[in-house]
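In: I would like the atomic coordinates for the input below:
(chains A and B)
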Amino acid sequence: MSEFRKEPGEHVVAEVRKHWFIFLLELLPFAILAAIPLLVPFFFSFLPPEAQAFFEKEPSFADPWVRFSLGIWWLFLWLGAFNTFTAYFLDAWLLTNRRIVDIDQLGFFSRQVSSFLLDRVQDVTTDIHGLLATVIDFGNIQVETAGMSQHFVIKGIPNPRHLRDLILAEVEKRRPESTRQIP
Amino acid sequence: MAPTLSPLFETVFGSAFSSPSSFAPWILAGIAVLWALFTLIIIYHWIRYSLHPSGTLFFLAVYVIVSLGLIGFALTGLSP
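Out: All right, here's what the predicted structure looks like:
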């Protein structure tokens, strides 16, 4: 947690991660790959007799080779799936009463942390596309800051409108009295 | 006369591939080293970067328990 240390008087208003549905989609390939060996005996019976004879014997879970290979296959799939979960859990956006911290865990050896002060926020845009995103309520948020050509974007977060309101409320609190908008 | 592939394979590997237990020591050592390496990398990242220490302990415990279960399952293939 060395990249994020709260300053005196600073507190976290919101901590945001990708929507669980996006995470499940990322896990789907692992689930399919894990299930494939279980389907092999089922599809084996559909092979023509010549092809079955080529394999000498029908694959069976009683075979030590099958159990051993399956255990190792699942072990490394589990490693990959947990790697995906690690990226999901360690990849977060933190909104504090002073700044926004964007932590990007791109892989085990690739991590990017950037933060910008709320004083520099000029515009916050939400972006919800598609039927699923509308029904489950997830989307993207884009934050534009003054004096920077780069836009900060967080993709696939739950309830983006609520986060936009939170950001704008915190930005409003930090504005001098004279420049505040009349509600 | 050059040996055919099958006798050459037999000469080099002997009965190493007749069953998982016949080559278990070195292949298991390789798998164990790989698993331990990835596990250390995972633990390092969670301890260093997680914003929630209690969650870290829980998820790492789940990771280790499931991994050990799968290793145990693979080892049943080694029993005669």
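
In: quick one, helices of chain A?
Out: For chain A, the helices defined by DSSP state H cover A:20-44, A:49-54, A:64-90, A:131-136, A:160-174.

In: roughly how far apart are A:A87 and A:H151?
Out: Per Cβ to Cβ, to the nearest Å, A:A87 is found 22 Å from A:H151. Yep, even glycine has a C-beta here, placed from its N, CA and C like the rest.

In: out of the two, which sits in the more crowded spot?
Out: It is A:A87, of A:A87 and A:H151, that has more neighbours when counted by other Cβ atoms under 10 Å in any protein chain shown, with 20 against 11.

In: and the longest helix along chain B, which residues are buried?
Out: Taking DSSP H as the criterion, chain B has its longest helix at helix B:24-49. Neighbour-count burial for helix B:24-49 flags B:A24, B:L28, B:I31, B:W35, B:F38, B:T39, B:I42, B:H45, B:W46, B:Y49 (criterion: 16 or more other Cβ atoms under 10 Å in any protein chain shown).

In: Now do the contacts for the second one.
Out: Right, the one you point to is B:L28. B:L78 (Cβ atoms under 8 Å, 6 or more residues apart in numbering or on different chains).

In: any idea how far it is from A:F68?
Out: B:L28 is 10 Å from A:F68, where distance means Cβ to Cβ.

In: intersection of neighbour lists for these two?
Out: Counting by Cβ under 8 Å, 6+ apart, the residues touching both B:L28 and A:F68 are B:L78.

In: check contacts around the residue nearest to B:W46 when sequence neighbours are not counted.
Out: Spatial nearest neighbour of B:W46, chain neighbours left out: B:T56 (4.7 Å); criterion: Cβ to Cβ, 6 or more residues apart in numbering or on different chains. Neighbouring residues of B:T56 by Cβ under 8 Å, 6+ apart: B:W46, B:I47, B:S50.

In: can we see that at 10 Å?
Out: B:T56 makes contact with A:F89, A:L90, B:I43, B:H45, B:W46, B:I47, B:R48, B:Y49, B:S50, according to Cβ atoms under 10 Å, 6 or more residues apart in numbering or on different chains.

In: With distance to A:L27 and pLDDT as extra columns, can I get these in TSV?
Out: Shown next, in TSV, are those (distance: Cβ to Cβ, whole Å; pLDDT from 0 to 100):
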residue	distance to A:L27	pLDDT
A:F89	13	89
A:L90	16	87
B:I43	21	87
B:H45	18	85
B:W46	18	86
B:I47	23	86
B:R48	24	84
B:Y49	21	84
B:S50	19	83
